[in-house]
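Undergrad: sequence and computational prediction follow.
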Amino acid sequence: MLGYRVPAPDEAMLISGGKAKGNAPFRVVTGHGAFVIPFFRKAAFLTLAMCEAEVAEKCVTQQGITLNVRAVIAFKVGNDTESIIAAAQRFLSEQDQMSVLTGRIFAGHLRSIIGSMTVEQIIRERQKLATEVLDGSKEEMARIGLNVDALQIQSIDDDGLGYIKAMSAPHNAAVQQQAQIAQAQANQKAAEAEQESQRKQAEFARETAIVKAQYKAEVDKAQAEAAQAGPLAEAEAQREVLAMRTELAQRAAELRQQELVAEVVKPAEAEAERVRILAVADAEKMKIQAEAAASHNRVALDRMIIDQLPEIVDKAARGLAGSNLTVLNGAEGISQVTSGLVSQGLAIFDAVRNGLSQYDDEEAGPA
């Protein structure tokens, strides 16, 4: 549409020639468009994008040591209307001068703050240095409509003086020592790892060799068993045949033994038993005959003694007749004498018979 202008997202459109709010010399338009009447209004554009300024400054420390300091500043025009108006009034026609002026402002603050610090503080507290420079320049930058987003100190050196290097020498030595120790430890660990790897490889090789040897032994054993299977089977068969033959021979021997027992031993035993029985019978017969003979002799002897007993008693009585014998108790006394003679005769009879019996026994014993 004719006369309608729209600023870019990172721009502010400044319209002059008409009424403005307050004492502003122009109207500020951001984020939307506006009508600009030709010949009666004029529009200009101010960048709101991020800008960069570099600083390379020689600064003298509190100790009088000159340092070369390089820094980078990131800044932009503020988003509020007051900042846009302040920046437009200073840089609208020469917007590239914003970086130049910003660099000069920060260079001055950088020299001022470094002059109050030692080299050790600057090196060790670089963030503190950047913060103090930002705080010191913030108000001045706001007056010209600029906001600083960041300040980065890129490098600090003593222009070959060697102070910073000497200051870092102990730390460098300690770092190098630690690095050497770490390297030595790493080398040692690497050597140990290498040795451990070699040991494991050797152990694995040994185990592999053992397994191969075991497999080979098993294969050889299986092959040997397979090779011996035929002869072993034949030997086993022969052993079984021999065992069967031995058993048959043993059975034949047992059968022959039984036959011999039946043919020879049993008849011999029967004959021996017959002879023994006949001998026993003959002995018993002879014993009975001897006993019968002895009994017959005793009977005959007894009869002979009985037959002669009256004569023996008579002769005894005759002997008493010529003797001077006094008989007491009359008839009873004679009876007692007579009884005594008879008793003596019987005693003599028994003695003779016993003697004959013993004689017969002695005669019969050897037979």
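TA: Good, I have the coordinates.
Undergrad: so what are the sheet partners of the helix or strand harbouring Lys76 and their directions?
TA: According to DSSP states H and E, Lys76 maps onto strand 66-77. Using DSSP bridges, the strands paired with strand 66-77 are strand 51-60 (antiparallel), strand 146-157 (antiparallel).
Undergrad: quick check: angle from the lengthiest helix in the chain to strand 146-157?
TA: Secondary structure of the chain per DSSP state H: the longest helix is helix 163-260. Counting by axes from the mean of the first three to the mean of the last three C-alpha atoms, to 10 degrees, helix 163-260 lies at 80 degrees to strand 146-157.
Undergrad: thinking again about what came up before, give the buried residues for the strand holding Lys76.
TA: Leu67, Val69, Ala71, Ile73, Phe75, Lys76, Val77 (16 or more other C-beta atoms under 10 Å). (C-beta placed from N, C-alpha, C; glycine too.)
Undergrad: okay, buried residues for stretch 5-13 please.
TA: Quick answer for stretch 5-13 (16+ other C-beta under 10 Å): Pro7, Glu11, Ala12, Met13.
Undergrad: closest one of those residues to Arg251?
TA: Glu11 (131.9 Å; C-beta to C-beta).
Undergrad: per-residue pLDDT, the nearest residue to the closest one once chain neighbours are set aside?
TA: Leaving aside its chain neighbours, Glu11 sits nearest to Phe45 (4.7 Å; criterion: C-beta to C-beta, 6 or more residues apart in numbering). Note for Phe45: predicted pLDDT of 91.
Undergrad: who does Phe45 form a beta bridge with?
TA: In beta-bridge terms (that is, DSSP bridges), Phe45 pairs with Met13.
Undergrad: excluding chain neighbours, what is closest to Asp10?
TA: Nearest to Asp10 is Ala49, by C-beta to C-beta, 6+ apart, at 4.3 Å.
Undergrad: next, count neighbours for that neighbour.
TA: 10 (other C-beta atoms under 10 Å).
Undergrad: where does it land in three-state SS?
TA: Here Ala49 is recorded as coil under DSSP: H, G, I helix; E, B strand; the rest coil.
Undergrad: tell me both backbone torsions, phi and psi, for it.
TA: For Ala49, the backbone dihedrals (degrees, to the nearest 10) come out as phi -70, psi 170.
Undergrad: what's the pLDDT at it?
TA: pLDDT at Ala49 comes out at 92.
Undergrad: please report how far it lies from Ile73.
TA: Going from Ala49 to Ile73 by C-beta to C-beta, to the nearest Å gives 15 Å.
Undergrad: my guess is Gln95 meets Leu48, correct?
TA: No. Between Gln95 and Leu48 there is no contact under C-beta atoms under 8 Å: 10.9 Å.
Undergrad: output the below-cut-off pLDDT ranges for this protein.
TA: Judged by pLDDT under 70, the chain has its weakly predicted residues at 1-2, 18-22, 265, 295-302, 305, 309-310, 312-367.
Undergrad: coming back round to it: give the contact list for the residue nearest to Glu11.
TA: Pro7, Ala8, Glu11, Ala12, Met13, Leu14 (C-beta atoms under 8 Å, 6 or more residues apart in numbering).
Undergrad: which two in those are spaced the farthest apart?
TA: Largest pairwise distance in the contacts of Phe45, by C-beta to C-beta, is 13.4 Å, between Ala8 and Leu14.
Undergrad: ok, Gln97 - how many residues close by?
TA: 11.
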